[in-house]
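Chemist: return atomic coordinates for the entry below.
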Amino acid sequence: MAEKKALWTKDFVILALSNFMLFVSFQMLLPTLPVYVTDMGGDQLAVGLVISLFTVSALLVRPFTGKALDTIGRKPVLLIGLAIFLLAVAGYYWMVSVALVLAIRFLHGIGWGIVTTTYGTIVSDIIPRERSGEGMGYFGMFSNLAMAFGPLQGLWVSQNWGYGWLFAISAGLTALAMILSRLVKIKPIVPGKKPGGSVLSGLIEKAALFPSLLNLLIGIIYGGIFSFITLFGLEVGIANIGLFFLFNAIALMAVRPLAGRLFDRKGPVWILLPGGFILGGGLLMLSYSTSEWQLIFAAILFGVGVGGVQPSLQAWTIKRVDPTRRGAATGTFFSAFDLGIGGGAMILGAVAKMTSFAVMYRYSLVALGLYLLVYIVYLARQGKRTTVPESISS
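Modeler: A predicted model of the protein is given here:
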C-alpha cells in the first residue's frame, strides 16, 4: 500500500495562516461597516450598497483573476490583490463622505475577489491530488475559525476603541497575511494547452461549469440566510441571533475534515447528496424556529450540510480540470457562488417583502430542490448509481 503524501507541509500551514489573517480582517468589518455608514449619515439604501457593491466588484474581477493566475503566475497576482485589499481597508477611516466609503468598498471587493480566488488556486497546487477533499476541508476550517470570532472581535473593538483602531487592526492583519504569503514557495506555472480563441473561453473554465452551477444554487440559499438572519430574529422574537453564526461556524469546522476524507475515499456522490438533504433539514428547521435552542439546532444542521457540500464541490472542480487551468476553474467556481449570493438576496428579499422571512426560507428550498434534481439527473446521465462511488477524477 502506497504511503500517503504529506498534507501538513510548511507551505500549506503558512498559506492557511495567511488566509486566516485575511479572513479575520474581512470578518471584523462585516458587521461594523454598515454601522459605520449609518453613523456617517447613510440611509438604508447606502447600507444595502455596502453589501451589493462589494459582491459585484468581486464577481466582476474573479474571471480575469483566474486567467491572470494561469498566465502571469500565482504569487504576483496574490500580492497585487493583497495590496489592493490593504489599501481599501486602511482607506476607510479617511473617507469623509458616504459616497467615498462606497467607492472604496468597490475597491475592497476587487481586492477580495483577487485574493480569495488566488488562495483557492494556490492551495489546490499544494495539496496532494489524492487528498484534495481532506486538504480543502482543513484549509476551509481556518476560514470558518475566522468567521466564528472575527465579527465579535470587530464589534468589540469598534464599540470600545473606536473605528480608527478597527481599521488599523484590520489593515495590520492584512499586512501580516501579505508577509506570510511571501514565505510560501510556489512552483512556476507550466504553460498548457490554450483554450479556444474567444476571450470568454479564457476567462471561464468549461470543465468547472457543472460543479459551479451546483455552487450557485447553494449560494442562493446562503445569500438568503445571511442577508436576512438578523431581521428574521426580530420578526420571530429571537434576541440572540448571533448564536446562529457561532454554532454554524462550529459545525462547519467540525465536519469539513471528515467530509474531505470521505470525499477522497468514496467520491463526491457520498457527500453531495446526503449533505444536500441535511442542509435542507437545517433550512426547514430555521424557518420554524421561535426559540434559541431551535435556532442552534438549525445552525448545526445547516453548517454540517454546507461544510460537507461546498469544499467537496471545490475539490471536485479542481480534479476535473487540467492543472494549468486551475486559476480559471477557481475563478469560475467562486464567481458562481457570488452570483448566487447576490441573486438570492434580491429574489428572496422580494419574497420576504410579500410574505415573511420565515416563509421566505421555506421558498428557498426550491433552490435546494433544483440542486438535488440537477445532480441526480447528472448521475443518471453518467450511468452511475448512488450506491456506487463516483470516479474521483470524473
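
Chemist: check contacts around residue 95.
Modeler: Residue 95 makes contacts with 101, 103-104, as judged by C-beta atoms under 8 Å, 6 or more residues apart in numbering. To be clear about C-beta, it is placed using only N, CA and C from the backbone, and glycine gets the same treatment.

Chemist: please redo it, this time with the cut-off set to 6 Å
Modeler: With contact set as C-beta atoms under 6 Å, 6 or more residues apart in numbering, residue 95 has these partners: 101, 104.

Chemist: what does the pLDDT read for it?
Modeler: Reading off the confidence values, residue 95 has pLDDT 89.

Chemist: got it, and residue 99?
Modeler: 91.

Chemist: name the SS class of it, please.
Modeler: Using DSSP: H, G, I helix; E, B strand; the rest coil, the structure places residue 99 in helix.

Chemist: what is the burial count for it?
Modeler: 11 (other C-beta atoms under 10 Å).

Chemist: any idea how far residue 106 is from it?
Modeler: According to C-beta to C-beta, to the nearest Å, residue 99 and residue 106 sit 11 Å apart.

Chemist: helix, strand or coil: sort out residue 119 for me.
Modeler: Relying on three-state DSSP, one would call residue 119 helix.

Chemist: grab the nearest non-local neighbour of it.
Modeler: Nearest non-adjacent residue to residue 119, counting by C-beta to C-beta, 6 or more residues apart in numbering: residue 19, 5.0 Å away.

Chemist: next one: the one you found from residue 206, what distance?
Modeler: Residue 19 sits 27 Å away from residue 206, taking C-beta to C-beta as the criterion.

Chemist: looking at those two, which has the bigger crowd around it?
Modeler: Counted by other C-beta under 10 Å, residue 19 and residue 206 do not tie: residue 19 has more neighbours, with 24 against 15.

Chemist: read off the pLDDT value for that one.
Modeler: Here, the pLDDT recorded for residue 19 equals 95.

Chemist: cool, residue 169 as well?
Modeler: What the model reports as pLDDT for residue 169 is 97.

Chemist: C-terminal to the lowest-mean-pLDDT helix or strand in the chain, which secondary structure element comes first?
Modeler: One helix or strand of the chain scores below all others by mean pLDDT, DSSP states H and E: helix 199-203, with a mean of 57. Per DSSP states H and E, the first helix or strand lying C-terminal to helix 199-203 is helix 209-236.

Chemist: that following helix: what's the following helix or strand?
Modeler: As assigned by DSSP H and E, the chain's next helix or strand after helix 209-236 is helix 242-266.

Chemist: how many other residues sit next to the closest residue to residue 163 other than its chain neighbours?
Modeler: Excluding the flanking residues, the one nearest residue 163 by C-beta to C-beta, 6+ apart is residue 36, at 5.9 Å. Neighbourhood size, residue 36 [other C-beta under 10 Å]: 21.

Chemist: quick check: residue 36 vs residue 159, distance?
Modeler: According to C-beta to C-beta, residue 36 stands 12 Å off from residue 159.

Chemist: for the stretch 151-300 of the chain, give me the ranges with low pLDDT.
Modeler: Counting by pLDDT under 70, the ranges of the stretch 151-300 of the chain that qualify are 189-202.

Chemist: got a list of contacts for stretch 215-228?
Modeler: For stretch 215-228, using C-beta under 6 Å, 6+ apart, the contacting residues are 313, 333, 336-337, 339-341, 344-345, 348, 357, 364, 367, 370-371.

Chemist: now do the contacts for residue 253.
Modeler: 141, 144.

Chemist: could you check how far residue 269 is from residue 359?
Modeler: Residue 269 is 32 Å from residue 359, by C-beta to C-beta.

Chemist: more neighbours: these two, which one.
Modeler: Neighbour count, other C-beta under 10 Å: between residue 269 and residue 359, residue 269 has more, with 23 against 13.

Chemist: stretch 259-268: which residues count as buried?
Modeler: Buried residues in stretch 259-268, defined by neighbour count with 16 or more other C-beta atoms under 10 Å: 259-260, 262-264, 267-268.
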